[in-house]
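Asks: kindly return the folded structure for what I paste below:
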Amino acid sequence: MPVKIRLQRHGKKGKPFYWIVAADARAKRDGKYLEKLGTYNPNTNPAQINLDVDGSVQWLQNGAQPTDTARAILSYKGVMMKNHLAGGVRKGALTQEQADAKYNAWLEGKGNAVEAKKATLADAKGKLKAEALAAEKAVNAARVAANAPVVEEEVAPVEEATPADAPVAEATTEVEAPAEEAAAEAEATVEEAPAEEAAPKAEATVEEAPAEEAAPEADATKKEE
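Replies: The predicted structure follows:
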């Protein structure tokens with residue numbers, strides 16, 4: 001029976017999660033499997049892989065063929081390296097101790113590379129966060145600067161409107177004052193005119209009165225003669 005080491009899809013839409021399984025090559029991708037060897041989560045950076053290394057090596061030694069994606073995952077976790085060293089031990093090219101030392105040295109170098117990648121990703125993430133914060137502060141400062149002149153322009157006309165109205169009121173008062181004085185003078189002129197006309201009549205009466213008194217005196221003189 002041909003056996004393949006492949007991925008079996010799980011998870012939800014947009015966020016896949018895979019099982020690494022050894023299954024019959026004729027079975028459906030998500031169908032029955034012979035053994036579950038691990039899990040693979042590509043939704044994180046770096047991806048999270050949990051794998052049974054010794055079990056995977058055993059299946060490889062029994063003739064199981066990994067798919068391309070499964071082979072990349074097995075190589076990343078050192079399964080292919082350990083299977084190669086095990087083949088050298090079987091052929092007598094090296095001892096088991098030498099194979100284990102080489103495998104441990106490879107694991108150490110791989111672990112250092114993974115940690116360096118994590119540190120690089122963390123630095124990049126921190127830098128992006130700092131840049132985003134600086135950009136947000138710049139946007140807020142620009143927004144405050146843009147709003148400040150608007151408030152000043154609205155307040156300034158209100159302050160200038162009050163002194164502008166005062167001269168208009170004063171001018172109106174000055175114009176109306178002469179008009180009232182002219183009306184008063186006209187009324188005074190009209191009232192004085194009859195008084196002047198009455199004065200000659202009074203004088204004429206005074207002048208006529210002595211003439212009447214002089215006439216009796218003349219009559220009395222004639223009688224005495």
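Asks: buried residues in stretch 93-106?
Replies: Using 16 or more other CB atoms under 10 Å as the test for burial, stretch 93-106 gives 99, 102-103. C-beta: built from backbone N, CA, C; applies to glycine.
Asks: also stretch 61-77?
Replies: Under the neighbour-count criterion of 16+ other CB under 10 Å, stretch 61-77 has 64, 66, 70-71, 73-74, 76-77 buried.
Asks: show only the entries of these found in helices.
Replies: The members of those that map onto helices under DSSP state H are 70-71, 73-74, 76.
Asks: closest one of the residues you listed to residue 95?
Replies: Checking these against residue 95 with CB to CB, the nearest one is residue 74 at 24.2 Å.
Asks: so, low pLDDT: which residues of this protein?
Replies: Applying pLDDT under 70 to the chain flags residues 149-225.
Asks: domain assignment for it?
Replies: For the chain, automatic domain parsing gives the domain ranges 1-92, 95-166.
Asks: ranking those domains by burial, who's on top?
Replies: Compared across the domains of the chain, domain 1-92 shows the largest average neighbour count, a mean of 16 (mean count of other CB atoms under 10 Å).
Asks: name the member of the buried residues of stretch 61-77 with the shortest distance to residue 134.
Replies: With CB to CB as the yardstick, the closest approach to residue 134 among these comes from residue 76, at 36.8 Å.
Asks: quick one: that closest one from residue 103, how far?
Replies: 14 Å (CB to CB, to the nearest Å).
Asks: swap in residue 78?
Replies: Applying CB to CB, the value for residue 78 to residue 103 is 7 Å.
Asks: one step back: pick the one among the buried residues of stretch 93-106 closest to residue 50.
Replies: For these, the nearest to residue 50 is residue 103 (18.8 Å; CB to CB).
Asks: now for that closest one: which residues touch it?
Replies: Residues in contact with residue 103 (CB atoms under 8 Å, 6 or more residues apart in numbering) are 78, 81-82, 85.
Asks: mind putting the residues you listed in a markdown table, secondary structure and distance to residue 43 included?
Replies: Below are those laid out as a markdown table (DSSP: H, G, I helix; E, B strand; the rest coil; distance: CB to CB, whole Å):
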| residue | secondary structure | distance to residue 43 |
| --- | --- | --- |
| 78 | coil | 23 |
| 81 | helix | 26 |
| 82 | helix | 27 |
| 85 | helix | 32 |
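Asks: redo those residues as a markdown table? Include distance to residue 49.
Replies: Output for these, formatted as a markdown table (distance: CB to CB, whole Å):
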| residue | distance to residue 49 |
| --- | --- |
| 78 | 11 |
| 81 | 15 |
| 82 | 15 |
| 85 | 20 |
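Asks: quick one: which of these is nearest residue 142?
Replies: Lowest distance from residue 142 to those (CB to CB) belongs to residue 78, with 53.1 Å.
Asks: can you read off the backbone torsions of that closest one?
Replies: The phi and psi values for residue 78, taken as degrees, to the nearest 10, are phi 90, psi 10.
Asks: these two touch, right, it and residue 53?
Replies: Yes: using CB atoms under 8 Å, residue 78 is in contact with residue 53, at 6.5 Å.
Asks: got the contact list for the residue nearest to residue 71 when sequence neighbours are not counted?
Replies: Of all residues beyond its chain neighbours, the one nearest residue 71 is residue 80 (7.2 Å), with distances taken as CB to CB, 6 or more residues apart in numbering. Applying CB under 8 Å, 6+ apart to residue 80 gives the contacts 60, 71, 74.
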